[in-house]
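> Model the following, please.
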Amino acid sequence: MTAAKPTPLSGFPELLPAERFVELRVLDSLRASFELHGFAPIETRAAEPLEQLLRKGEIDKEVYLLRRLQAGESAGADGAEDGSALGLHFDLTVPFARYVLENAGKLEFPFRRYQIQKVWRGERPQEGRYREFTQADIDVVARDVLPFHHDVEVARVMAEALARLPVPALKLQVNNRKLIEGFYLTIGISNTTAVMRVIDKIDKVPAGVLRSMLTDEAGISGEQAELAIRFASLTTSDGGQLGFGISELVPGMKWHDLLGEGVAELRTVVDGCASLNSDRFTVVADLSIARGLDYYTGTVFETRMAGFESLGSICSGGRYDSLASDGRTSYPGVGISLGVTRMLLPLFSRKKLTASRSVPSAVLVALPDEESRATCDAIAAQLRANGIATEVAAAAQRYGKQIRYAERRGIPFVWFPAGEDNPHEVKDIRTGEQQQADPATWQPPAEDLRPQVVRPGAEPIEPEAEPVEPEAEPVEPEAGPVDPEAEPRA
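Presented below is the predicted three-dimensional model:
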């Protein structure tokens, strides 16, 4: 039977082994960082009732419907027990909200969780946007009241986690929805949500087009539009300068109470993260960050990667005063979501990030002849007992061919078994150095023990951590407004 030619699926990325090694090391680093701060891991199901996924209406056309090829006669055979249809989650916040409600009696609040999982979104694939991708989220959620210091904590935890990754320099941009709304109310704008949605496009459209959108779509005056744009241009890494910059825009004008509250909160977050600033990671107040989604109520975050600004934000989030509610109790939260796939795949495609080798093996045990295979297997077992990834040559070819086989696979050492007249020897095939060795005690250099993360043209970089489907199709109901950025949070 002739096999059908494989059909590529756009937007569903698959990694080569070296790329997967890098991704796993990054995920190990993230997990270690999150757990150092006391965040507990959870995993939620891939499917949720469709009505839950669509309840806010942001990305109706991007949700994948889950169904069996041979559907049963009853609605329940295709979906939830109550007969409702199922869809694949498009972020990790909608399922987390449901998880909190279902398990509220078993959780201790404030509940601190991290979650690293695949998500699915039926959007047009392009660099930085995929239909299947991995996200890494952290959130703190409480009953009824969530103290503001958790906003600072979440920012610091993700900042520390990102600063340890082997990627280009990152900038965490922070703003506050109270500050934005308070400024708009101060200058007489009442339709604050519409203005925020337009300002959220400030990096995507020319200034003239933005002004026209503010006056024509948001319905504000030309003078108000100019002030809103100048306000959005303010940025600083010194929280103490925020008030001065805003006062210069509205000299002598009485501030709305929300504006003063937002400035104080934003200053607290920026100053609380100031000690983490370095040449590879910075935290700044950026008043252009609006996060167009309505459910944000305070702090908002976005993150840009140097040299890859066209990707937009790779790590976004904020505070929502009602993550979930059962009608009696409200569960406010604050969190931030890293698009792992969005961050790594452009680096892979442009050869900016790889692994030092594409196999875990540090040693290839050479095979003199097939009769020696049991002996070589025993040598490999001794090396593995010492934590050294080892494989035995597939065939008893000339040693030169076996060495070339190791070179092609990136294996740094070849082990030559002892014979009647010669001891065990190990060869570093990169340098040609060969020496006697005992398989019970020999160790390779630490950097050769496992594949290292490498940025071509730079020294190998090791993240600061030790390693600790049915058919789907998009649903096409009426479209709601779409958040243009990386990871929506429900």
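> can you map out the strands along the stretch 201-350 of the chain?
With DSSP state E, counting those that start in this stretch as the criterion, the stretch 201-350 of the chain has strands at 235-236, 281-286, 299-305, 315-325, 330-339.
> Which residues does the first one contact?
Contact with strand 235-236 is made by 173, 242, 245, 270, 284-288, as judged by C-beta atoms under 8 Å, 6 or more residues apart in numbering. Just so you know, the C-beta spots here come from the backbone N, C-alpha and C atoms, and that holds for glycine as well.
> Closest to residue 212 out of those?
residue 288 (17.9 Å; C-beta to C-beta).
> ok, now which ones touch the closest one?
Residues in contact with residue 288 (C-beta under 8 Å, 6+ apart) are 173, 175, 199, 202-203, 232-233, 235.
> got a winner among these for most neighbours?
The residue in these with the most neighbours, by other C-beta atoms under 10 Å, is residue 175 (29 neighbours).
> For residue 280, see how far away the residue nearest to that one when sequence neighbours are not counted is.
Among residues not flanking residue 175 along the chain, residue 289 sits closest, at 4.0 Å (C-beta to C-beta, 6 or more residues apart in numbering). Distance from residue 289 to residue 280, counting by C-beta to C-beta, to the nearest Å: 21 Å.
> again, but for residue 92
Residue 92 is 26 Å from residue 280, by C-beta to C-beta.
> Which parts of the stretch 51-200 of the chain are strands?
Assignment of strands within the stretch 51-200 of the chain using DSSP E, counting those that start in this stretch yields the ranges 64-66, 86-88, 111-120, 132-141, 170-176.
> Of all those, which one is nearest residue 385?
For residue 385, the closest of the strands of the stretch 51-200 of the chain is strand 111-120, at 31.2 Å, according to C-beta to C-beta.
> Could you list the buried residues of the closest one?
Using 16 or more other C-beta atoms under 10 Å as the test for burial, strand 111-120 gives 111-117, 119-120.
> Name the strands paired with that strand and say parallel or antiparallel.
Next to strand 111-120 in the sheet, as set by DSSP bridges, lie strand 40-41 (parallel), strand 132-141 (antiparallel).
> Deepest in the core, which of those strands is it.
Stretch with highest mean neighbour count among these: strand 132-141 (a mean of 23; mean count of other C-beta atoms under 10 Å).
> Report the mean confidence score over it.
When pLDDT is averaged along strand 132-141, the result is 98.
> and that strand, how far from the chain's centre?
Relative to its chain's centre, strand 132-141 lies at 7 Å (C-alpha atoms, centre = their mean, to the nearest Å).
> just to revisit the earlier point, turn the strands of the stretch 201-350 of the chain into a markdown table, including mean pLDDT and distance to residue 404.
Output for those, formatted as a markdown table (pLDDT from 0 to 100; distance: least, C-beta to C-beta, whole Å):
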| stretch | mean pLDDT | distance to residue 404 |
| --- | --- | --- |
| strand 235-236 | 92 | 55 |
| strand 281-286 | 95 | 42 |
| strand 299-305 | 96 | 38 |
| strand 315-325 | 92 | 43 |
| strand 330-339 | 97 | 40 |
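> Out of the ones you listed, which gets nearest to residue 262?
Residue 262 lies closest, by C-beta to C-beta, to one member of the strands of the stretch 201-350 of the chain: strand 299-305, at 9.2 Å.
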